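>>> Pasting a predicted model and its sequence here:
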Amino acid sequence: MRVLVVEDEPDIRRLLRAYLEKEGFIVEETNNGQRALTMVDRNSYDLIILDIMIPEIDGWAVCQRIRKKSNIPIIMVTARGAEPDKIMGLELGADDYLVKPFSPKELIARIKALFRRIKAKTPPAETNDRISLGQMSIDPQSREVKVNECPIPLTPKEFSILYTLARHPNKAFTRNELLLEVWGDQFNDTRTVDAHIKQLREKLHKAGLSKDAVKTVWGVGYKLGDVNDV
């Protein structure tokens with residue numbers, strides 16, 4: 001698997017490279033945000049490890065730009081451990097958030113856990129459970145969502161949330177149910193769900209669906225709403 005490390009501190013880059021290569025990853029690296037975006041445009045990566053405080057373009061903006069066109073898993077690493085910073089990273093589309101200083105072994109464990117969750121959410125090849133609802137179609141094989149046959153770029157977490165809701169269109173899920181279904185036991189903060197639902201709604205609405213494509217059920221949580229054109 002190919003990993004891009006975006007980190008401006010040389011010692012940390014060297015350490016991450018050593019641990020990742022020991023685990024069998026192919027590692028590429030850069031020390032600034034602009035270069036990271038260029039590399040993502042030109043190459044294919046299975047994971048991005050992204051520091052926030054980097055030159056030229058900060059990690060927030062890099063994550064946001066990548067998420068507009070790709071669902072590459074992103075783990076953000078930063079010295080900023082305040083809860084609002086963590087929530088902001090998740091709102092922008094990060095799949096995990098690690099606060100410095102951290103053990104490289106912890107990073108490796110989180111990477112493995114992230115890929116296990118992605119694999120667990122991918123149905124086996126023989127399964128053919130494509131979902132078509134209103135103007136929206138969801139293909140779990142390619143993990144692709146289309147509205148009026150136009151693909152919508154969703155992050156892995158956004159896809160998993162939407163797929164979970166679409167498989168049970170009449171069920172209202174609590175935040176804790178979605179948290180367990182999509183994140184496992186990685187997080188226990190239900191605001192993570194709210195942040196991803198907000199991003200998911202915006203993308204579906206931008207594609208032409210109602211703002212209630214994901215509906216809030218007061219006192220419960222969320223369910224699939226109107227997935228026809230506005």
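Nice, I can see it.
>>> So the chain: which segments form each domain?
In the domain annotation for the chain, the residue ranges read 2-121, 131-224 (the TED database).
>>> can you list those domains in TSV and add mean neighbour count?
C-betas here are computed from N, CA, C, even on glycine. Written out in TSV, the entries for the domains of the chain read as follows (neighbours: other CB atoms under 10 Å):
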stretch	mean neighbour count
domain 2-121	17
domain 131-224	18
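>>> how about CSV for those domains, with mean pLDDT added?
Rendered in CSV, the data for the domains of the chain read as follows (pLDDT from 0 to 100):
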stretch, mean pLDDT
domain 2-121, 87
domain 131-224, 88
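>>> the helices in this structure, which residues?
According to DSSP state H, the chain carries its helices in the segments 10-22, 33-42, 59-67, 83-91, 104-120, 156-167, 175-183, 191-206.
>>> out of these, which comes closest to Asp129?
Judged by CB to CB, the one of the helices of the chain that comes nearest to Asp129 is helix 156-167, at 7.9 Å.
>>> Okay, angle between that closest one and helix 59-67 too, please.
Interaxial angle, helix 156-167 versus helix 59-67 (axes from the mean of the first three to the mean of the last three CA atoms, to 10 degrees): 50 degrees.
>>> which residues touch helix 156-167?
Among residues not part of helix 156-167, those counted as contacts by CB atoms under 8 Å, 6 or more residues apart in numbering are 71, 73, 93, 95, 118, 121, 129, 131, 133, 136, 138, 140, 143, 145, 154, 173, 178, 181-183, 193, 196-197, 199-200, 203, 214, 222-224.
>>> how big is the angle separating that helix from helix 175-183?
Put simply, helix 156-167 runs at 120 degrees to helix 175-183, going by the same axes, to 10 degrees.
>>> Can you get me the centre-to-centre distance for helix 156-167 and its chain?
Here the centre of mass of C-alpha atoms in helix 156-167, compared against the chain's by CA atoms, centre = their mean, to the nearest Å, lies 11 Å away.
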